[in-house]
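Q: Based on what follows, work out the 3D shape:
(one chain, ligands or ions: 1)
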Amino acid sequence: MFIKHDYIEKLIQTSANPTAEKVSEILDRAARKEGLTHQDIATLLHVEDPVAIKRMYDIAGQLKRDIYGNRIVVFAPLYISNYCVNNCTYCGYKHSNDIPRRKLSREEIQQEVMTLEKMGHKRLALEVGEDPVNCDIDYVVDAIDAIYTTKNDNGSIRRINVNVAATTVENYRKLKAADIGTYILFQETYHEPTYKAVHPKSVKGNYEYHLTAFDRAMEAGIDDVGGGVLFGLADHMFEVIALMMHNEHLEEAWGVGFHTISVPRLKKAEGMDLDQFPHIIDDETFKKIVAIIRIAVPFTGIILSTRESQEMRKEVLRYGVSQISAGSCTGVGGYKEQELLGKRTDQFTVADERSPLEVLKELVTDGYIPSYCTACYRQGRTGDRFMQLAKSGSIQHVCQPNAMMTLMEFMLDYGDEEILKMGQALIQKEIENIQRVDIKELVINNIEKLKKGERDIYL
Ligand code: SAM
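A: Reported below is the predicted structural model:
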């Protein structure tokens, strides 16, 4: 297997207590975008000196600005079924929890989607528990169709990333045919003994099957895959190095690594206490992890959810996060019920409960362009095609304009006067900064078309 436990553990031991010179030399190379070895990553994970950490944050922030500009992609999760055959010790939806189980009918899914569309969302992450009987792949595929075909005034969901349990090549082919965006699956923990311990009596308990899920997804033709670790289950140093090894394995085997990496931290959930988990990470360690991942894989998107607080989200956006969720519910049927002020059972607690409009206002105030762009996969810019564009810097020419256009669309359809004023000023400034005259003209024309009522314009 490509996650070599002994090798990782040895790296962690041999890189402890790094000298200031060693750290500085690694950071110099990181700033020159030269790429880091496993030993370098292990060394950075040990850094405790505040001056070196500050430099690490600055380099991560600079890399992010160079590659992504100031756009931040915004999305929401949609939970459609909490049936689950697994007993993940950390999860509120585990089989042994006596909670009401439900899955949404096609009509209920459409209602959720309409509520999400009214919030301005265009991109969803579809979430389900694992249950081959109550929530089989055909149910998921039908849900995807229900979501894509539910339109509401100008509202439409244009990209569905899917987070379903590890499955077969045949099932991944069905997801590919259903036109999904990224296939997302968190490894939860790369540490095999911990993996087995936190997934007792579970279909999910097969470490190797879970670890090779992306290979099967790639075999089925899905070339945008999103990995992640549930931080808090095992030693974070082990997890970060293993995550990088997984990325390298995908690059070697399939020519392209992770499209995105998610960095969820363990949260309180029904039927579990955080005290049961000895590897919970503090805020300072979390920030360092985000910065190190950004430095180690500069071209990979980093996704942050509402598990983190408003303050934490604001801070780590500066160190490398490129996508955030907003206005999220982690309960099945949660959006409609929230609208009706009902109660629901959530998978875990969220820390940032602001609406997308509030989140977007803060992003714009901080100089970011919130983006609902879904152009890449619709234009075939996926897998290694996307990565080549990202690595050559050309992706900027499409991402930045598309971000501006989708922000304009949001403001016209779901905004208020305040965001319109702030957002238009930001867009104006951004247009002035566009170097290529042809793109500048295109953006100006498209913004005018949007104001006249045209929608879904993208490059
Ligand atoms: N059932 C799918 C699977 O087996 O991979 C995943 C869907 S689950 C709805 C999404 C993710 O939520 C899980 O992969 C896990 O990392 C995360 N999660 C579960 N319990 C959590 C908790 N207590 N705190 C934070 N995240 C949690």
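Q: Point out the residues in this structure that sit beside the ligand.
A: 90-91, 127, 129-130, 163, 165, 185-186, 188, 204, 230, 264, 266-267, 269, 307, 347-348 (Cβ under 6 Å from any ligand atom). Heads up, the C-betas are built off the backbone N, CA and C, glycines and all.
Q: which of those are buried?
A: Buried members of the residues of the chain next to the ligand, scored by 16 or more other Cβ atoms under 10 Å, are 90-91, 127, 129-130, 163, 165, 185-186, 188, 204, 230, 264, 266-267, 269, 307, 347-348.
Q: Sitting in strands, which of those residues do you find?
A: 127, 163 (DSSP state E).
Q: which stretches of the stretch 351-459 of the chain aren't confidently modelled?
A: Within the stretch 351-459 of the chain, no stretch has pLDDT under 70.
Q: Kindly apply the preceding question to the stretch 201-350 of the chain instead.
A: Where the stretch 201-350 of the chain drops to pLDDT under 70, the residues are 339-345.
Q: and if we set it to 90?
A: 330-331, 333-350 (pLDDT under 90).
Q: hey, where'd the strands end up in it?
A: Counting by DSSP state E, counting those that start in this stretch, residue ranges of the strands within the stretch 201-350 of the chain are 225-228, 260-262, 301-304, 323-325.
Q: Just put those strands in JSON lines and tack on mean neighbour count and distance to Lys103.
A: What follows is the strands of the stretch 201-350 of the chain, written out as JSON lines (neighbours: other Cβ atoms under 10 Å; distance: least, Cβ to Cβ, whole Å):
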{"stretch": "strand 225-228", "mean neighbour count": "23", "distance to Lys103": "23"}
{"stretch": "strand 260-262", "mean neighbour count": "23", "distance to Lys103": "24"}
{"stretch": "strand 301-304", "mean neighbour count": "23", "distance to Lys103": "25"}
{"stretch": "strand 323-325", "mean neighbour count": "24", "distance to Lys103": "22"}
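Q: Adding distance to Cys376, write the ones you listed out as JSON lines.
A: Formatted as JSON lines, the strands of the stretch 201-350 of the chain follow (distance: least, Cβ to Cβ, whole Å):
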{"stretch": "strand 225-228", "distance to Cys376": "14"}
{"stretch": "strand 260-262", "distance to Cys376": "12"}
{"stretch": "strand 301-304", "distance to Cys376": "11"}
{"stretch": "strand 323-325", "distance to Cys376": "13"}
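Q: Can you say which of these is nearest to Gln379?
A: Nearest to Gln379 among these is strand 301-304 (16.9 Å), distances taken as Cβ to Cβ.
Q: who does that closest one touch, helix- and strand-wise?
A: strand 225-228, strand 260-262, helix 283-296, helix 310-317, strand 323-325 (3 or more Cβ pairs under 8 Å, 6 or more residues apart in numbering; DSSP states H and E).
Q: Would you mind saying which of those lies nearest Gly35?
A: Shortest distance between Gly35 and those, using Cβ to Cβ, is found for helix 283-296: 8.2 Å.
Q: Convert the C-alpha atoms of stretch 175-195 to CSV, please.
A: The C-alpha coordinates for stretch 175-195 follow below in CSV (Å, rounded to 0.1, in the frame of the first residue of the first chain):
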residue,chain,number,x,y,z
LEU,A,175,-22.1,9.0,-10.8
LYS,A,176,-19.9,10.1,-13.7
ALA,A,177,-22.8,9.7,-16.1
ALA,A,178,-25.0,11.8,-13.8
ASP,A,179,-22.6,14.7,-14.4
ILE,A,180,-21.2,15.2,-10.9
GLY,A,181,-18.5,17.8,-10.2
THR,A,182,-16.0,16.5,-7.7
TYR,A,183,-16.2,13.1,-6.0
ILE,A,184,-15.4,13.8,-2.4
LEU,A,185,-14.4,11.2,0.2
PHE,A,186,-12.6,11.8,3.5
GLN,A,187,-10.2,9.2,4.5
GLU,A,188,-11.1,10.2,8.1
THR,A,189,-7.8,8.9,9.3
TYR,A,190,-4.8,7.4,7.4
HIS,A,191,-3.6,5.7,10.5
GLU,A,192,-4.7,2.1,9.9
PRO,A,193,-5.0,0.9,13.6
THR,A,194,-7.0,4.1,14.4
TYR,A,195,-9.1,3.7,11.3
